[in-house]
Each structure stands twice: as C-alpha cells, then as structure tokens.
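Asks: Sequence and predicted model, in that order:
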Amino acid sequence: MRIIVFGPPGSGKGTHSAILANTYGIPHVSTGDMFREHVAKCTKLGMEVEGYLRAGKYVPNDIVNRMVFERLDADDCKMGFVLDGYPRTWGQLIALDEEIKRRGWKIDAVVNLRVSEEVMIKRLSARRVCPKCNAIYHLINMPPKVDEICDVCGTAIIQREDDKPEVIKMRLKVYEEESSSLLKYYRERGLAVDVNADGTVEEVAMGIKKAIEELTSH
Ligand code: AMP
C-alpha cells in the first residue's frame, strides 16, 4: 500500500500517518521528522535546512526530492509507505510521479485531512514532541504519563520552534497556496479522499480507514 497524507499543520497528519503505517506494516516517511532529525544531529543537511524550518518556509525541492528518493530506495519501502508532508510543491509532485513510474509502482490513496481553523490553532499550541524519537503529545488530549517526559524513550518533550503563533500563520499561508492544486491533480486521477479531521484520534482514524477501503475496493 502506497499512501500520501495531506493536511494543514495541526490536522493530525503525523499522528494518523503513524497509525496508518502501523496498520499496514509499512514505513512512515515524514519529511518534517527527517529534517528535524538532521537538524538535531547537526548533519550537513541539517545545517542547510535549519533556517527554512525555523522560518516555516519550504526547503528547496531538489534537497527534499533527493532525501525522499534515497529513503524510498531502502528495503523496507518495497512493500509500500506512508508519505507524510510530501509532496508539498508542484516540483515535488512531478518528480515523485516520475520516480514512482520509473520504479513500476503506483500510489493507492491520497488522504486529505480537513480541519477547521479553530481546532487547528488549539491543537498546535498544545502540541509537544519528543526531540529524540519524534513521538507526538497533546498537553490536554494526549499528555505523557509523566509530566513533560516522553512515554517511549524518557526524553524531555519540547514545543516545536515552528508551533509558535507567528510561524503557524506563515505555515498555514504557505500550505494553502500550494496544496490546492496538488490535491486537484490527485482528485482528477480518482486517488484523493477527504476525511473530516476535527474529531478525536479514534474517530478520525476510523474515518481514514473507511475512506481508504472504499477507494481501494473499486
Ligand atoms: P512538517 O513537520 O511536515 O510540518 O514540516 C516541518 C517543516 O519542514 C516545514 O515547515 C518545512 O520547513 C520543512 N518541510 C517538510 N516537508 C517539506 C517538503 N515536502 N518540502 C519543503 N519543506 C518541507
């Protein structure tokens, strides 16, 4: 199963991509997580992209494409993958399409998570992440068992630099400008499904599962 998940910041894209990866036993390929790992480890790539992440701006296409295609080369992607946060620009979509064709693969479903602006802002201001293992928490709906400590690896959880209000607004603007035409492309090919993402994690996960089953059954 090869799935792409679309959704604005705060739509639950990371959480639901991880659930889908777990359900289908395929890797969760998140470009945001990959970049944050590079930044945390101060790799050459990390230093190149840090400024873009801090400002909530997109990393240039050639850098993103190269990183994603290298990841898709790994053995664990042979049976499928969940792409989270990619493609995000027209240049990325075209490059991905060519790469997928070149490998004789096809995309099975594009899930578009829709969320109201009010829910989006609420979720982002309460979101915390583990800088080591990327686990995601919500201070009210999904807090860690021990205050401010990651359940999975025991590291102190943090607020993402780009979840601060000024950067959220920039990320939203950038997302809206770019995403509509990309979704149109997948819609015209009968691959996109919209799912209401305002509900609880369980409700949204159920909605996504149903939508993918309907899409892939024809
Ligand atoms: P995310 O965790 O998906 O919200 O991504 C966090 C940040 O990483 C974005 O605001 C961008 O700076 C960068 N990023 C992630 N994915 C991409 C992409 N496909 N193209 C360009 N920049 C990206």
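Replies: Alright, I've got the coordinates. Residues are numbered from 1 along each chain as shown.
Asks: alpha carbons only for contacts and neighbour counts from here, please
Replies: OK.
Asks: what's the longest helix in the chain?
Replies: helix 165-188 (DSSP state H).
Asks: Quick check: mean pLDDT of it?
Replies: For helix 165-188, the mean pLDDT works out to 85.
Asks: Show me which residues of that helix are buried.
Replies: By neighbour count with 16 or more other C-alpha atoms under 10 Å, helix 165-188 contains the buried residues 167, 168, 169, 171, 172, 174, 175, 179, 182, 183, 186.
Asks: Which strands or helices does that helix pack on?
Replies: Helices and strands touching helix 165-188, by 3 or more C-alpha pairs under 8 Å, 6 or more residues apart in numbering; DSSP states H and E, are helix 90-102, strand 192-196.
Asks: which residues of this structure fall in strands?
Replies: Applying DSSP state E to the chain gives strands spanning 2-6, 28-30, 81-84, 109-114, 127-129, 136-138, 192-196.
Asks: so which of those gets nearest residue 60?
Replies: Nearest of the strands of the chain to residue 60, taken as C-alpha to C-alpha: strand 28-30 at 16.1 Å.
Asks: Closest to the centroid, which residue in this structure?
Replies: residue 84 (2.9 Å; C-alpha atoms, centre = their mean).
Asks: Could you find the closest non-adjacent residue to that residue?
Replies: Nearest non-adjacent residue to residue 84, counting by C-alpha to C-alpha, 6 or more residues apart in numbering: residue 30, 4.6 Å away.
Asks: Starting from the ligand, give me the distance back to the one you found.
Replies: 7 Å (C-alpha to the nearest ligand atom, to the nearest Å).
Asks: Pull the contacting residues for that residue.
Replies: Residues in contact with residue 30 (C-alpha atoms under 8 Å, 6 or more residues apart in numbering) are 14, 83, 84, 85, 86.
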